[in-house]
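1. Need the 3D shape of this:
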Amino acid sequence: MMVRTHDDRRRMPRWAVNLRTDVRFEGLRGTGFVADVNPFGAFVRAAEDADPLMSVLQSSDLVQLRFDVPGAEPVEVNARVVHLYADGLGLEFVQRETRLEHLAPRPQAPAFNPAFLV
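-> Below is the predicted model:
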């Protein structure tokens with residue numbers, strides 16, 4: 001298993017979250033936590049019970065994820081392993097997952113300043 005360190009070379013920013021997820025691959029099952037996500041992929045931090053799963057995964061393997069998203073139906077998605085790290089997986093979704101777009105941080109309106117009224 002090739003292990004890399006985290007880097008910031010992705011094409012689109014991801015949004016920080018903490019969503020428990022089930023990860024499945026060829027009959028093996030593990031638990032992880034989606035740590036960051038966008039409609040194109042996610043980083044899943046491995047939980048302790050994912051060790052057997054992590055030891056067999058290789059780059060380009062196809063895994064299945066299932067996780068609950070606040071304000072939406074549970075998401076079940078197929079993803080390809082693009083990076084293996086000591087603490088988790090860098091995944092690219094097989095199809096763009098638009099149900100996750102509402103997790104993006106919203107720009108905040110500037111605070112009201114009464115001086116603008118003068």
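2. Let me see the ranges of the helices in the chain.
-> Secondary structure of the chain by DSSP state H: the helices cover 51-56.
3. show me where pLDDT drops low in it?
-> Counting by pLDDT under 70, the chain contains low-confidence residues at 1-11, 49-50, 99, 102-118.
4. Apply 90 and report the result again.
-> Where the chain drops to pLDDT under 90, the residues are 1-15, 30-31, 37-39, 46-56, 68-75, 86-87, 95-118.
5. What segments of it are strands?
-> For the chain, the strands defined by DSSP state E cover 15-25, 28-38, 41-46, 62-67, 75-85, 88-93.
6. can you list the ones you listed in TSV and add distance to residue 56 and mean neighbour count?
-> Any C-beta I mention is one placed from the backbone N, CA and C, and that applies to glycine too. As requested, the strands of the chain are exported to TSV (distance: least, C-beta to C-beta, whole Å; neighbours: other C-beta atoms under 10 Å):
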stretch	distance to residue 56	mean neighbour count
strand 15-25	7	16
strand 28-38	7	19
strand 41-46	13	23
strand 62-67	11	17
strand 75-85	11	17
strand 88-93	12	22
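7. just so I know, which of those strands lies nearest residue 53?
-> Nearest to residue 53 among the strands of the chain is strand 28-38; the distance by C-beta to C-beta comes to 3.8 Å.
8. Could you check how far the closest one is from the centre of its chain?
-> Its chain's C-alpha centre and that of strand 28-38 lie 6 Å apart, by C-alpha atoms, centre = their mean, to the nearest Å.
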